Structures are given as C-alpha cells and as structure tokens.
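*Asks:* With the sequence up front, the predicted model follows.
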Amino acid sequence: MSPLKITTRDAATGPVLEIFGALDYAHAPELRQLVSVTPLQSGQCLVLDLGGMDFCDSSGISALIAARHHAHAAGADIALAAVPVNTLRVLRIVGLDQVFTLRPDSVT
C-alpha cells in the first residue's frame, strides 16, 4: 500500500480533494483534519476524487462519512469521484452508494 497523499484544488463548484494511496486506520485522520479546515460555502460541492486511492478500510469509510457531515453542516453538497471498483463494491454493500453522489470523474 502507498502512503496517503491528498492534493487540493479549487473548481468552479467548490474544492476538490484528490486522494492517493491508502485511506486506512493510520491515515484516515489526515483526511478528517484536512476536510475540517477546508472552507465551504452554502451551495458549493466538495468533491473527493478517489481515483488514486489504492486501499480503503472501515476507518477510511468513516472519514468519508465525516466529510459528508462537514459539507452538509456548511450547507454544501459532497460527491465522490472516480471511486475504485473495490471501494464502490463496499459502498454498495453498506448502502452508501445511496447516500453519496457518485461521479465518474472530478471534472466539474
């Protein structure tokens, strides 16, 4: 597994966080921390681009849910983009594919 790396960029609809590597127990707090300080305004959409993510455990899923709570508390939306097949399978099993907006890529 690769170490976690997160890059941030601004899009017309709001911030995009590109996630690379493992979103696991050891690294999920990094995503939680970054999301908590990412400024969001009502009506924006926070996009988490997971195209570079090579592993996600239950702590990573919890971090994604925490990001959703942060976005909704700000009156913003959230979308997961380029979700890897193995993570998409888990999201479907637990019903989170019905909770998150899923996009094929982060282009907004």
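*Replies:* Yep, it's here. Given the structure is predicted, the values throughout are model-derived calculations rather than measurements.
*Asks:* What ranges does this protein have for its helices?
*Replies:* 28-36, 58-73, 85-93 (DSSP state H).
*Asks:* Tell me how far Ser21 lies from Val85.
*Replies:* Careful, residue 21 is Gly; it's not Ser. Distance of Gly21 to Val85, given as CB to CB, to the nearest Å: 17 Å. (C-beta placed from N, C-alpha, C; glycine too.)
*Asks:* Name the residue in the two with the higher neighbour count.
*Replies:* Gly21 (16 against 6; other CB atoms under 10 Å).
*Asks:* returning to what we had before: the helices of the chain: which one's closest to Val99?
*Replies:* Checking those against Val99 by CB to CB gives helix 58-73 as the closest, at 7.1 Å.
*Asks:* what sits up against that closest one?
*Replies:* Outside of helix 58-73, the residues within contact range by CB atoms under 8 Å, 6 or more residues apart in numbering are 22-25, 27-29, 31-32, 35-36, 38, 40, 45-46, 48, 53, 77-78, 80, 90-91, 94, 96, 99-100.
*Asks:* That one versus helix 28-36: what angle between them?
*Replies:* With axes from the mean of the first three to the mean of the last three CA atoms, to 10 degrees defining the directions, helix 58-73 sits at 10 degrees from helix 28-36.
*Asks:* ok, back up a step: now the helices of the chain as JSON lines including mean pLDDT?
*Replies:* Output for the helices of the chain, formatted as JSON lines (pLDDT from 0 to 100):
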{"stretch": "helix 28-36", "mean pLDDT": "97"}
{"stretch": "helix 58-73", "mean pLDDT": "97"}
{"stretch": "helix 85-93", "mean pLDDT": "95"}
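*Asks:* Much appreciated, bye for now.
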